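Trainee: below is the structure, and that's it, no one-letter string:
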């Protein structure tokens, strides 16, 4: 568990997801705007999936770290996945860019922040916690899971500001860009 302080002097706790978070994680998922949901692709943002994630079998998966960001009112305002499992599609794209994700240790990163907490510098304060945790688990780099949508200029700029390297663009239903951070 780690505390971080935002630019507005708000205190946030970053900790691993626990079974008791199911209801709050569900509320977090359901309260994200349609625009935020559209930009998040790792898994469904539903009540059913929140409860699935909080089952002990999922929580004991050592290759996936799920973090929550909690505000002073003890409400989840952010959710972060660090996944050591190599995603085949991502690995193939990176391989075409001379980066072998199968060699070494890489964590795929998928963060989200509640809409009313975005653009307040919280992610900038959280990223050092995330990178420290990934390094402590032997990661050599962080890879944005599925890249980031090129139209999300705020996210692309944020990741570049925090040291992520932009690679090639690729197409899904939208144009995305691969980004990774050597640790």
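Mentor: Arrived safely, thanks for sending. Just so you know, these numbers come straight off a predicted model, no measurement behind them.
Trainee: residue 17: how many residues sit nearby?
Mentor: Using other CB atoms under 10 Å, residue 17 has 23 neighbouring residues. (Each C-beta comes from the backbone N, C-alpha and C, glycine too.)
Trainee: can you tell me how far it is from residue 52?
Mentor: Residue 17 sits 12 Å away from residue 52, going by CB to CB, to the nearest Å.
Trainee: and residue 158, by the same measure?
Mentor: Using CB to CB, which is the criterion applied here, residue 158 is 29 Å from residue 52.
Trainee: higher neighbour count, these two?
Mentor: Using other CB under 10 Å as the criterion, residue 158 and residue 52 rank with residue 158 on top: 19 against 14.
Trainee: surely that one is in contact with residue 124?
Mentor: Yes - using CB atoms under 8 Å, residue 158 is in contact with residue 124, at 7.4 Å.
Trainee: neighbouring contacts of the helix or strand hosting residue 38?
Mentor: Assigning secondary structure by DSSP states H and E places residue 38 in helix 34-39. Contacts to helix 34-39, defined as CB atoms under 8 Å, 6 or more residues apart in numbering, come from residues 45, 112, 115, 118, 149, 152, 155.
Trainee: how about residue 16, what does it touch?
Mentor: 59, 65, 66, 67, 68.
Trainee: so which of these belong to helices?
Mentor: residue 59 (DSSP state H).
Trainee: strands - which of the contacts of residue 16 land there?
Mentor: 65, 66, 67, 68 (DSSP state E).
Trainee: ok, of the residues you listed, which one's closest to residue 138?
Mentor: Comparing the ones in strands among the contacts of residue 16 against residue 138 with CB to CB places residue 65 closest, at 12.3 Å.
Trainee: measure that closest one to residue 111 for me?
Mentor: Residue 65 is 12 Å from residue 111, by CB to CB.
Trainee: which of these two has more neighbours?
Mentor: Legend: neighbour count by other CB under 10 Å for residue 65 and residue 111, higher for residue 111 (21 against 18).
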